[in-house]
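Undergrad: how would this look folded up:
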Amino acid sequence: MSSGKLLLGVLVGVAAGALLGILFAPDKGEKTRKKVISKGEDYADSLKEKFDEFVENLSGKADEVKEKVTDFTEKVKNKVSEVKNETKNAAG
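TA: Just a heads-up that it's a prediction; the model follows:
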């Protein structure tokens, strides 16, 4: 499951929960609105934490890939230098 789909699922779940909370609330409107706002803030905080974790994880993966690409590039450069030197030595 991709992260985008997971994030979308969380957002849909939050919206559905808020809607159901309003529809089935036994309290008066003002009290219900306060509860919905409070829950919405809780969900928003939770979502922000999960998003921050996602970004941190993604950043770590990007750093890993960058390091691997750098290592690979160095190996290729070294191999090209070796081949050049061998070619130069064989010709000269």
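Undergrad: pLDDT averaged over the lengthiest helix in the chain - what is it?
TA: If you go by DSSP state H, the chain has its longest helix at helix 29-91. The average pLDDT within helix 29-91 is 87.
Undergrad: Nearest residue to the most centrally placed residue in the chain in space, please, no chain neighbours.
TA: By CA atoms, centre = their mean, the chain has its centre lying nearest to residue 54, at 3.3 Å. Excluding the flanking residues, the one nearest residue 54 by CB to CB, 6 or more residues apart in numbering is residue 3, at 5.8 Å. Yep, even glycine has a C-beta here, placed from its N, CA and C like the rest.
Undergrad: From residue 4, how far out is residue 40?
TA: Taking CB to CB, to the nearest Å as the measure, residue 40 falls 22 Å from residue 4.
Undergrad: and what of residue 20?
TA: Taking CB to CB, one finds residue 20 at 25 Å from residue 4.
Undergrad: Ok, residue 88 next?
TA: Taking CB to CB, one finds residue 88 at 52 Å from residue 4.
Undergrad: Ok, residue 67 next?
TA: Taking CB to CB, one finds residue 67 at 25 Å from residue 4.
Undergrad: re earlier: for residue 40 and residue 4, indicate the residue with more neighbours.
TA: Per other CB atoms under 10 Å, whichever of residue 40 and residue 4 has more neighbours is residue 40, with 15 against 9.
Undergrad: name the element the residue nearest to that one when sequence neighbours are not counted belongs to?
TA: Once flanking residues are discounted, residue 40 sits nearest to residue 18: 6.2 Å by CB to CB, 6+ apart. Following DSSP states H and E, the helix or strand that holds residue 18 is helix 3-23.
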